[in-house]
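In: Okay, sequence plus prediction incoming.
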Amino acid sequence: MQLTFQSVSKTFSHRLGKDAVAALENIDLSIASGEFVAILGPSGCGKSTLLEIVAGLQAPTSGEVLLGGEPVHSPHPRVSVVFQEDSTFPWRTVAENVAFGLEMRGVRKAERDDAVAHAIGLVGLRGFEGHYPHQLSGGMRQRVAIARTLVMNPAVLLMDEPFGALDEQTRFVIGEELLRIWDATRCTIFFVTHSLHEAVQLADRIVVLSARPGRIKNIFENRLSRPRLEAKDPQTYAVLMASLREAIGLTSAAFNPDDPRIKPARAAG
Amino acid sequence: MSRAPSALTIAIARSAFVALLLGLWIIGSSIYGSAVLPSPLEVVATMFQGFHEGWLIRATLVTLSEVLPAFAIAAIAGAGLGVALGLAHFWGDVLEPMILGVYSIPKITLYPIFLVLFKLGIASKVAFGFFHGVFPIEILTQGATSTISPTYLKVARTLNLTPWQTAAHVVIPAIVPAMAVGLRLAFSLTFIGVILAEMSASRAGLGFLLNAADSTFDSRRTLAVIVVLAIIGIGTNLVFYALERRVSPARPEARQATLAM
Ligand SMILES: Nc1ncnc2c1ncn2[C@@H]1O[C@H](COP(=O)(O)OP(=O)(O)O)[C@@H](O)[C@H]1O
Ligand SMILES: [Mg+2]
C-alpha cells in the first residue's frame, strides 16, 4: 500500500507551564508499495510523532497522510505498529500475545492457531509458544511484538526504533530476520531509527530529518546489495556512510538547539 | 555464596519458631498464674466450651455477617472508583489528595458519626468496616490504572478495539495483580474496622465479646476470642495470597516471595 505525506506539520499547543512545540514542519514524502524506508533523525525531532500520525493515533496540525490514496483519520486495519517500548502483555503467553489482534477481530480459534503458528515461525520463536514475556529476553519480546503485527497481515508496517533497546549484535541479527520477513510478506515498512548503521543495513531509502522542528533534510537512495556487509562494496558503503554522517552531523551536532554547547550563545544572542 | 535453604528447612525452622512462642506462652502462664495469662490448653478448652455453649459461634457469625457485606461493598466500590479515577486523570488529580487525606485520619475518631447515622445495630458496623476497607483497594486500583503502560493503550487503539474490549482485555488484566493486593489489604482493614466498631459500641459480635470479657477480667474468654480473630485473619490472608500468586504475572521468584510472606 502506497503511503504519501502531503505537507504534514504538527505543533503541540502550549499547556500549563509549557511552550508550544513545533514538532514537524512540511513533511512531503511518497513511499511506494513494498518499499523499506528508514526515517533517521536526532532524538526529539518528531520521528515518533510522524509515525503516530501515519498510525492514526495523532492528527496532524496541517497537511495530510494518504494510505493507498485515502486520507488517514483513524487507525487503519491494514497498518500495524511495533513500538519502541515493550508492548507484550505480561499476562499472556507468547502464542496468546501473537493471537491478540485476531482474537479481538473475532477470528475463529482454528484459523487463528494456523496464523499464529506461522507468524511465530517467521520470527524464530518456535518452541516458546507457552512462555510468558518475563521468561524471554528483550530481543525475543520484540520478536513477539513483530509476530503480533505479522498475523494481522499488514500492508504497512510501522516500526518505532523497535530494536533501540537491544545490543548491537542482537540488533544486527534481528535486522537480517526482519529483511527476510519483509521479503516473504512484501509489506511497506516505515522504520524509525536514530542509528545510522541500522538505516544502512535495512532501508532502500533513508530519509534524514533535521532537529526540531523536524523537516526533511536529505533523502538517500541505498543501492548496496543485501546483505550489506562493508567488505562487499567498501567504496559505495563508505560514500553512503560519509554522506549520512555529514547530514546527521549538520543536523544534529551543529544545529541541535538543545546542544548545551550552543545554548548559552543562543540565550545571549 | 551459600546455597539457598530448601523449602523443607524453612518449614522446619518456622515450626520451631511457633513451638518456641507456645513454649514462652506456657512459661509466662506458669509465672503469672492462669488467672492473668491462661495456658494455651485452657484457652483451647474455653474455645470448645464457647462453641459448645454457642456464645462463641454466635459472636463469630455476627462478626462475619458484618465483615463480608462490608468487604464486598468496599471491594466493588473501591475497584470501580479506582478504575474510573485512574482513567479520568482530571478527576483523579482533583480527588487523590482528599482520598489520601481521609485515609490517613485515625478513623475510630469518626465512629460517633457512624453511630448517629447508622444507629447501634449491624448497619453501623458494616458502614465502618466498609470505610476502612474501601481505601486500600481504591488507592491501589487507581494507581495501577493511571500507570498502565501508554504503549498497551496504543496497541489497543491501533487495533481499533471498542472501549469494552480495551477494558476487558487490556486495562483489567493489567491491573489485576495490584487489585489482588488491594483486596487482601481491604479485607484486613474491613475486619479491623468491624471489630473496632463492635468494641466501641455494640451488643453482639467478637468485638463485643472481647470487651465484655475484658471488663470482667475473664482472660480465658479474652484469649479465646483473640485466637478466633487470629484464625479468621490468618486464614483469609492465606486465601488472598493464593489468589495473588495466581494472578501475578508469573514470576516464579516473586511468587515464592509472596508465598513466604
Ligand atoms: N503529546 C505531546 N505534547 C507536547 N509535546 C510533545 C508531545 N509529544 C511529543 N512532543 C514533543 O515533540 C517533539 C518530538 O517528539 P517525538 O516525536 O517523540 O520525537 P522523536 O521520536 O524523534 O524522539 C519532542 O520535542 C517532544 O517533546
Ligand atoms: Mg521517538
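Out: That came through fine. Ligands and ions are numbered 1, 2, ... in the order given.

In: which residues in chain B form helices?
Out: Using DSSP state H, the helices assigned to chain B run over residues B:7-32, B:40-53, B:55-87, B:89-104, B:111-118, B:122-146, B:150-158, B:163-166, B:172-200, B:206-215, B:219-247, B:252-260.

In: Switch these over to JSON lines; also include distance to residue A:31 and mean pLDDT.
Out: C-beta coordinates here come from the backbone N, C-alpha and C atoms, glycine included. Converted to JSON lines, the helices of chain B look like this (distance: least, Cβ to Cβ, whole Å; pLDDT from 0 to 100):
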{"stretch": "helix B:7-32", "distance to residue A:31": "58", "mean pLDDT": "92"}
{"stretch": "helix B:40-53", "distance to residue A:31": "78", "mean pLDDT": "93"}
{"stretch": "helix B:55-87", "distance to residue A:31": "36", "mean pLDDT": "95"}
{"stretch": "helix B:89-104", "distance to residue A:31": "36", "mean pLDDT": "88"}
{"stretch": "helix B:111-118", "distance to residue A:31": "66", "mean pLDDT": "90"}
{"stretch": "helix B:122-146", "distance to residue A:31": "37", "mean pLDDT": "94"}
{"stretch": "helix B:150-158", "distance to residue A:31": "19", "mean pLDDT": "95"}
{"stretch": "helix B:163-166", "distance to residue A:31": "30", "mean pLDDT": "92"}
{"stretch": "helix B:172-200", "distance to residue A:31": "34", "mean pLDDT": "93"}
{"stretch": "helix B:206-215", "distance to residue A:31": "72", "mean pLDDT": "91"}
{"stretch": "helix B:219-247", "distance to residue A:31": "44", "mean pLDDT": "92"}
{"stretch": "helix B:252-260", "distance to residue A:31": "44", "mean pLDDT": "41"}
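
In: May I see these organised as JSON lines, with mean neighbour count and distance to residue A:196 added?
Out: As requested, the helices of chain B are arranged in JSON lines below (neighbours: other Cβ atoms under 10 Å in any protein chain shown; distance: least, Cβ to Cβ, whole Å):
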{"stretch": "helix B:7-32", "mean neighbour count": "11", "distance to residue A:196": "52"}
{"stretch": "helix B:40-53", "mean neighbour count": "15", "distance to residue A:196": "75"}
{"stretch": "helix B:55-87", "mean neighbour count": "20", "distance to residue A:196": "41"}
{"stretch": "helix B:89-104", "mean neighbour count": "12", "distance to residue A:196": "38"}
{"stretch": "helix B:111-118", "mean neighbour count": "14", "distance to residue A:196": "68"}
{"stretch": "helix B:122-146", "mean neighbour count": "24", "distance to residue A:196": "38"}
{"stretch": "helix B:150-158", "mean neighbour count": "19", "distance to residue A:196": "26"}
{"stretch": "helix B:163-166", "mean neighbour count": "13", "distance to residue A:196": "38"}
{"stretch": "helix B:172-200", "mean neighbour count": "23", "distance to residue A:196": "36"}
{"stretch": "helix B:206-215", "mean neighbour count": "20", "distance to residue A:196": "71"}
{"stretch": "helix B:219-247", "mean neighbour count": "17", "distance to residue A:196": "44"}
{"stretch": "helix B:252-260", "mean neighbour count": "12", "distance to residue A:196": "40"}
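
In: Pipe these into JSON lines and attach distance to residue A:114 per row.
Out: Output for the helices of chain B, formatted as JSON lines (distance: least, Cβ to Cβ, whole Å):
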{"stretch": "helix B:7-32", "distance to residue A:114": "42"}
{"stretch": "helix B:40-53", "distance to residue A:114": "61"}
{"stretch": "helix B:55-87", "distance to residue A:114": "36"}
{"stretch": "helix B:89-104", "distance to residue A:114": "41"}
{"stretch": "helix B:111-118", "distance to residue A:114": "60"}
{"stretch": "helix B:122-146", "distance to residue A:114": "35"}
{"stretch": "helix B:150-158", "distance to residue A:114": "22"}
{"stretch": "helix B:163-166", "distance to residue A:114": "23"}
{"stretch": "helix B:172-200", "distance to residue A:114": "25"}
{"stretch": "helix B:206-215", "distance to residue A:114": "59"}
{"stretch": "helix B:219-247", "distance to residue A:114": "30"}
{"stretch": "helix B:252-260", "distance to residue A:114": "32"}
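
In: Thanks a lot, catch you later.
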